[in-house]
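K.L.:
have a look at this prediction, sequence included:
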Amino acid sequence: MNFLYSFICLAIAAAWAYIYVKTYQLSGYNIKKFASASLEFKLAFGDKSKIAFTKRLIRFIICFLLLDFLFFYLINTYLLNDFLKVVDCALVLLFTPVVVIITHYILLPLEIFIKYIYKKLAIKKLKSKKIIKIGITGSYGKTSTKNILAQILEKEFKVCITPANYNTEMGVTKTILSKLDDEDIFIAEMGARHKGDIKALAQMVKPDYAILTTIGEQHIETFGSLKNIEETKNELVLFMQDEGVVFFNGDSKSNLKLFDECKKEKYLTCQEGGYAYAKEIKTSPEGSEFVLVIDKEEVSVKTKLLGKFNIDNIVTASALGRYLGVSMKDIASAIKHLQPTPHRLQLIKNSFFSILDDSYNSNLVGAKEALKVLSSFKGRKIVVTPGFVEMGEEESKANFTLGAWIADVADYIVIMNETNKNFLLSGAISHNFNQERIFFASSRKQQTEVIAKLTCEGCVVLFENDLPDNYS
């Protein structure tokens, strides 16, 4: 009977723990981040992200459930008072975050060992192949630059890239082990939230070539300072091949500083007079036209991609493509057929209105460019945004600024996040925006209802940023 009661309690606990396990996975298995989210009750209640039943998570769930079953079994076996049994079982449910933390540390040695083995296998596989290795890092534009570069290089080479946002150690490792085959080139996107993250990736891949996209105050809450961000991104330069070649997007002070400090063979892009840059730029809601200059060679190009930052990404990717032997003619052809990276200022049209999907963007630099693109459209302009998070002390200022910028362009604003509501509202009002044209939605359903009321034929809706499930 105790076994049956324990099993019933376990079933209830499993349903209750779903949100906590989901939050744990969305935190990147970072126990400090999970604990903080639990204490602040910023849990993954939404449906934007689903649990991914990876092997690691399955191991975690099995261990978690075994622990919970043990607790319930001991309670039902050794407590004779039925009321106390109910109270103690309720306490186990209440302390689910603690059980998650205990499970994390029980499995930690095993996870470290598994990670070590997979990483060693990936390194061995890379060493066994005669392949050109390229690493890409930066604060903004990593994924877009990676995708653009791949499409350019595919004119001459067989290319393998890390998919989507597989920019962590295990993401890159998984790509090498499961996707790398007989390609000529491997492109690894390298992301970071803490110092040392890029170093670990660079030491594993040992790139022959590196691209540093624009560097700025992305994830400054975890890095602590812009200096730490610069040093972390520069780890790619320091720990790539000794004879490696580096391409710097010169569109930020941080990149120019690191370019000056770099002792390897280096090339500066996105600066007139540099190795590669764009001139005679013409933009429209349909895309851009410009003259691409690489090492004094010129070619006129057209692209469907929107925004100046995409031109910068194209220029930097093209510079490396040309260095590796792709002709200017083939580069122009690749640029003409470039497809936008999903959720990064992606234009989606229907017969009634247009959507600018910039939901992946989470920084002021990208937001400013997205609003500039929005201003080029005719018709009613609607901006839907939850603002920015994970910006530390700069968060309130950034959201106030965003609200002010939106007010200068939009006809209507839909604010999705309670956390940033007042800052976005204050920023918009400071630029004399009509408060009656500001709407609030606390759920996807409400958002859909508000947008349905505001849209009209020929209007444009900009979705600027999208927060994780643990923000409301």
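P.N.:
Okay, I see it.
K.L.:
switch to C-alpha atoms for all contacts and neighbour counts from now on
P.N.:
OK.
K.L.:
got the buried residues for the host helix or strand of residue 300?
P.N.:
With secondary structure defined by DSSP states H and E, residue 300 is part of strand 297-303. By neighbour count on 16 or more other CA atoms under 10 Å, the buried set for strand 297-303 is 298, 301-303.
K.L.:
please apply the same query to stretch 349-364.
P.N.:
Buried, per 16+ other CA under 10 Å, within stretch 349-364: 353-364.
K.L.:
same thing with stretch 224-233?
P.N.:
226, 228-233.
K.L.:
check contacts around residue 233.
P.N.:
Shown in contact with residue 233 (CA atoms under 8 Å, 6 or more residues apart in numbering): 137-138, 198, 212, 215.
K.L.:
could you dump these into CSV with secondary structure added?
P.N.:
Shown next, in CSV, are the contacts of residue 233 (DSSP: H, G, I helix; E, B strand; the rest coil):
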residue, secondary structure
137, strand
138, coil
198, helix
212, strand
215, coil
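K.L.:
farthest pair in the residues you listed?
P.N.:
Across the contacts of residue 233, the longest distance by CA to CA is 13.7 Å; it joins 198 and 215.
K.L.:
so which of the two has more stuff around it?
P.N.:
residue 198 (29 against 24; other CA atoms under 10 Å).
K.L.:
how close does the more buried one get to residue 43?
P.N.:
Separation of residue 198 from residue 43 (CA to CA, to the nearest Å): 28 Å.
K.L.:
so what does the lengthiest helix in the chain touch, helix or strand wise?
P.N.:
For the chain, the longest helix by residue count, based on DSSP state H, is helix 96-127. Applying 3 or more CA pairs under 8 Å, 6 or more residues apart in numbering; DSSP states H and E, we find helix 96-127 packed against helix 2-26, helix 31-39, helix 55-78, helix 169-178, helix 197-205.
K.L.:
so which of those is the most surrounded?
P.N.:
Ranked by mean neighbour count under mean count of other CA atoms under 10 Å, the helices and strands packed on helix 96-127 are led by helix 197-205, which reaches a mean of 22.
K.L.:
angle of it against helix 96-127?
P.N.:
Orientation check (axes from the mean of the first three to the mean of the last three CA atoms, to 10 degrees): helix 197-205 against helix 96-127 gives 40 degrees.
K.L.:
please name the nearest non-neighbouring residue to residue 347.
P.N.:
Leaving aside its sequence neighbours, residue 347 sits nearest to residue 356 (CA to CA, 6 or more residues apart in numbering; 4.8 Å).
K.L.:
quick one: that neighbour from residue 146, how far?
P.N.:
21 Å.
K.L.:
how many other residues sit next to residue 395?
P.N.:
Look at residue 395: counted by other CA under 10 Å, it has 18 neighbours.
K.L.:
now do residue 27
P.N.:
18.
K.L.:
OK, contacts around residue 51?
P.N.:
22, 25.
K.L.:
part of a strand, is it?
P.N.:
No: in this structure, residue 51 is coil, not part of a strand, as judged by three-state DSSP.
K.L.:
separation between it and residue 22?
P.N.:
Taking CA to CA, one finds residue 51 at 6 Å from residue 22.
K.L.:
again, but for residue 118
P.N.:
Counting by CA to CA, the gap from residue 118 to residue 22 is 24 Å.
K.L.:
apart from its chain neighbours, what residue comes closest to residue 151?
P.N.:
residue 334 (6.3 Å).
K.L.:
residues near that neighbour, how many?
P.N.:
Neighbour tally, residue 334, other CA under 10 Å: 23.
K.L.:
dump the residue contacts of it.
P.N.:
So residue 334 contacts 151-152, 155 (CA under 8 Å, 6+ apart).
K.L.:
check which helix or strand covers it.
P.N.:
Going by DSSP H and E, residue 334 is in helix 328-336.
K.L.:
that helix: which residues count as buried?
P.N.:
Quick answer for helix 328-336 (16+ other CA under 10 Å): 328, 330-336.
K.L.:
that one to strand 297-303, inter-axis angle?
P.N.:
20 degrees.
K.L.:
what about helix 328-336, distance to the chain center?
P.N.:
28 Å (CA atoms, centre = their mean, to the nearest Å).
K.L.:
pull it out as CSV, backbone CA atoms only.
P.N.:
Extracted in CSV, the C-alpha atoms of helix 328-336 (Å, rounded to 0.1, in the frame of the first residue of the first chain):
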residue,chain,number,x,y,z
MET,A,328,33.3,38.5,-57.3
LYS,A,329,30.8,37.3,-59.8
ASP,A,330,29.8,34.3,-57.7
ILE,A,331,29.7,36.4,-54.6
ALA,A,332,27.3,38.8,-56.3
SER,A,333,25.2,35.9,-57.4
ALA,A,334,25.1,34.4,-53.9
ILE,A,335,24.2,37.8,-52.4
LYS,A,336,21.3,38.2,-54.9
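K.L.:
what does stretch 274-285 contact?
P.N.:
Residues contacting stretch 274-285 (CA under 8 Å, 6+ apart): 267-272, 288-296, 306-307, 311-312, 315-316, 319, 373, 376-377.
K.L.:
what's the end-to-end length of stretch 148-161?
P.N.:
First-to-last residue span, stretch 148-161, CA to CA: 11 Å.
K.L.:
now do it, average pLDDT.
P.N.:
Mean pLDDT, stretch 148-161: 96.
K.L.:
and stretch 311-319, by the same measure?
P.N.:
Rounded mean pLDDT across stretch 311-319 is 96.
K.L.:
what do you get for stretch 237-256?
P.N.:
pLDDT averaged over stretch 237-256 gives 94.
K.L.:
buried sites along that stretch?
P.N.:
237-241, 244-251, 254-256.
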